[in-house]
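Trainee: pasting the sequence and the predicted model now:
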Amino acid sequence: MSRPAREQRPARRALLVALLGACLIGGVAIVVLPIGWALNRFVVWLYYAGRTIGIPSFVTVGAYDVALNLLLFALPVALAATLWPKVRWWLWVLVALIASTTIELLQFAGLPRDASAADVLVNTVGAVIGAGAAASIRTMRR
């Protein structure tokens, strides 16, 4: 017999908080650890794995890089927007824009990584996608 919905909500919330924490810890690790070369190799590996399963060659390594940057911000924003639904979607996007800009400025100022204005744009679009996904799921549940 399943637990009543009231009892499942705290467990669901705890899971979402844990996932958000994992996303944030992973994101910080990606930014501050000197693993740029390993990340590049991972993206290239994904490209060749995609080719193996039939993804066409016009989907370049750069497309995988963009997709991962989108995901880097879409997932935590979707989780945060789900956890705190009363916060307006554009505030999550603004937080992501500020975070992404800060990351790129840190990379420019001294981290052994490449800074890119394009990454700020892609990360912000990822945040819009994440906030939109959370809003869509909320709408479908009603």
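Mentor: On my side now, so go ahead.

Trainee: which helix is the longest one in the protein?
Mentor: Taking DSSP state H as the criterion, the chain has its longest helix at helix 5-32.

Trainee: got the buried residues for it?
Mentor: Using 16 or more other Cβ atoms under 10 Å as the test for burial, helix 5-32 gives Leu19, Leu20, Cys23, Gly27, Val31. Bear in mind the C-beta positions are built from the backbone N, C-alpha and C, glycine included.

Trainee: residue contacts, Ala117?
Mentor: By Cβ atoms under 8 Å, 6 or more residues apart in numbering, the contact list for Ala117 reads Glu104.

Trainee: please report how far Leu39 lies from Val31.
Mentor: Distance of Leu39 to Val31, computed by Cβ to Cβ, to the nearest Å: 10 Å.

Trainee: can you show me the helices along this protein?
Mentor: For the chain, the helices defined by DSSP H cover 5-32, 36-52, 61-83, 89-109, 117-141.

Trainee: got JSON lines for the ones you listed, with mean pLDDT too?
Mentor: What follows is the helices of the chain, written out as JSON lines (pLDDT from 0 to 100):
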{"stretch": "helix 5-32", "mean pLDDT": "88"}
{"stretch": "helix 36-52", "mean pLDDT": "94"}
{"stretch": "helix 61-83", "mean pLDDT": "96"}
{"stretch": "helix 89-109", "mean pLDDT": "94"}
{"stretch": "helix 117-141", "mean pLDDT": "95"}
